[in-house]
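Student: structure for the following, please:
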Amino acid sequence: MPDRRLPDRRIILLAAIAALAAVAFMMVGAKGSWSFVLPFRGAKLIALIVVAVSIAVSTLIFQTLCSNRILTPSIVGFDWLFILLQTALIYGLGGLGYVMLPAELAFGLELGLLGGFAMLLFGTLLGRGVHDLFRMLLVGVVLGVLFRSLTRFLERLIDPSEFAVVQSVTFARFNSVDVDQLTMTSLVAALCIAIAWRRRARLDVMALGREHAVNLGLDYGRELRIGLALVSALVAASTALVGPVALFGLLISALTYWIMKSNRHGELIVAGSLISVVVLVGGQTLFERGFGMAGTLGMVIDLLGGLVFLTLVLRQVRT
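Tutor: Numbers count the residues shown, from 1 in each chain. Sure thing, here's the model as predicted:
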């Protein structure tokens, strides 16, 4: 009989490592007045934690909805859709108009459009029981290329003097987090994570598959819509703060399942969030304080995530 205390020990260890990473981010290399250092680094630390937890939880939920551990919101085009919407706003309003637009209004509009797209496309596909890996990968690749191409097209039409505004939302930027949106995105992320936590038992049932979930009395369609809404909001929150990180979620989910050896979403959500914080906060501390910004954390994440993706796909093909 397996020892049920083992996941608790792993979570406690991960929590300790995450706390050490946070302390290192705040303390290592700190110079000058602490009245300036603590608020400045504290805001960045909170932003990184919000992004880390949002990506981890959204990926775990999306993989449960798809009944597949390879697909992530980024792979199927969620990130690029969010960037396309922001680029379209910059094109329509101009750089100054976009900057002057209230952050709450812009974020709410983009979140509504992103959620509507998720319901329209993936709600239809998953609601019909389409869980074929390669079909979903093909859909994701096509949508990602489409959204990226439309974004590039709009970028060519934008005035060159306003292109810097577009670039600020196109590339991952862990070292320059937009703290102006921190309060709003933190509230959205906290609300979504709280809802996901309360529905963790339902997610356990959905992980069994559509037929089993329906036979157990679960309203599968309703839970699917709620899950997609949570994924959309969390993706919007993380992308608004740091930009797109294509393969970070896949890397975190793979590490979470490998470390925890569990399918219980209560354990997975906590462990995945802690692992994500360790990787993101610890990695950013290393690159900022250890390497003097000689490289970017996003490049390393994409490299490791790409290797994990190829490994998982090849393993799926062999089986």
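Student: rest of the way, CA atoms for contacts and neighbours
Tutor: OK.
Student: mind listing the strands for this structure?
Tutor: Assigned by DSSP state E, the chain shows no strands.
Student: dihedrals phi and psi, L216?
Tutor: Per-residue torsions, L216: phi -90, psi 10 (degrees, to the nearest 10).
Student: how far away is it from T239?
Tutor: For L216, the distance to T239 equals 36 Å [Cα to Cα, to the nearest Å].
Student: repeat for G97
Tutor: As defined by Cα to Cα, G97 lies at a distance of 21 Å from T239.
Student: how many neighbours does the spatially closest residue to M26 that is not a sequence neighbour have?
Tutor: Nearest residue to M26, sequence neighbours excluded (Cα to Cα, 6 or more residues apart in numbering): R41, at 6.0 Å. By other Cα atoms under 10 Å, the residues close to R41 number 15.
Student: how near is R41 to A22?
Tutor: Counting by Cα to Cα - R41 and A22 are separated by 10 Å.
Student: who has more neighbours out of L216 and T239?
Tutor: Neighbour totals were compared for L216 and T239, and T239 leads with 26 against 11 (other Cα under 10 Å).
Student: my read is that the more buried one contacts D79, right?
Tutor: Yes: judged on Cα atoms under 8 Å, T239 makes contact with D79 at a distance of 6.7 Å.
Student: name the residues contacting each of those two.
Tutor: Common contacts of T239 and D79 (Cα atoms under 8 Å, 6 or more residues apart in numbering): V245.
Student: hmm, T185 is touching A233, no?
Tutor: No: using Cα under 8 Å, T185 is not in contact with A233, being 9.1 Å away.
Student: tell me the contacts of G272?
Tutor: Counting by Cα under 8 Å, 6+ apart, G272 has contacts V53, A56, V57, I252, S253, L255, T256.
Student: max pairwise distance over these: which two?
Tutor: Greatest spatial distance in the contacts of G272: V53 and L255, 14.1 Å, computed using Cα to Cα.
Student: what ranges does the chain have for its helices?
Tutor: For the chain, the helices defined by DSSP state H cover 5-27, 34-66, 78-100, 103-127, 133-157, 163-170, 182-198, 200-206, 210-215, 220-242, 248-260, 265-285, 297-318.
Student: ok, back up a step: name the residue in V53 and L255 with the higher neighbour count.
Tutor: Remark: of V53 and L255, V53 carries more neighbours, 26 against 17, as counted by other Cα under 10 Å.
Student: contacting residues for that one?
Tutor: G272, S273, L274, S276, V277.
Student: could you find the closest non-adjacent residue to I158?
Tutor: Y91 (5.8 Å).
Student: residue contacts, that neighbour?
Tutor: Taking Cα under 8 Å, 6+ apart, we find Y91 in contact with L154, E155, L157, I158.
Student: and the pLDDT at it?
Tutor: If you check Y91, the pLDDT there is 81.
Student: you'd agree the residue nearest to M26 is up against A24?
Tutor: No: the pair R41 / A24 is not scored as a contact, 10.9 Å apart, by Cα under 8 Å.
Student: poorly predicted segments of the stretch 151-300 of the chain, please.
Tutor: For the stretch 151-300 of the chain, the stretches with pLDDT under 70 are 165, 167-180, 289-300.
Student: how about 90 then?
Tutor: Low-confidence segments of the stretch 151-300 of the chain (pLDDT under 90): 151-188, 206-229, 231-255, 258-264, 266, 279-300.
Student: circling back: export the helices of the chain as CSV, with columns for distance to T72.
Tutor: CSV is the format used below for these (distance: least, Cα to Cα, whole Å):
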stretch, distance to T72
helix 5-27, 23
helix 34-66, 5
helix 78-100, 9
helix 103-127, 12
helix 133-157, 9
helix 163-170, 19
helix 182-198, 17
helix 200-206, 16
helix 210-215, 19
helix 220-242, 10
helix 248-260, 6
helix 265-285, 14
helix 297-318, 10
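Student: and the residue lying closest to L38 once chain neighbours are set aside, how many neighbours?
Tutor: Nearest residue to L38, sequence neighbours excluded (Cα to Cα, 6+ apart): M26, at 7.1 Å. Residues near M26, counting by other Cα under 10 Å, number 19.
Student: and M26, what does it touch?
Tutor: L38, R41, G42, L45.
Student: distance of the third one relative to T185?
Tutor: G42 sits at a distance of 16 Å from T185 (criterion: Cα to Cα).
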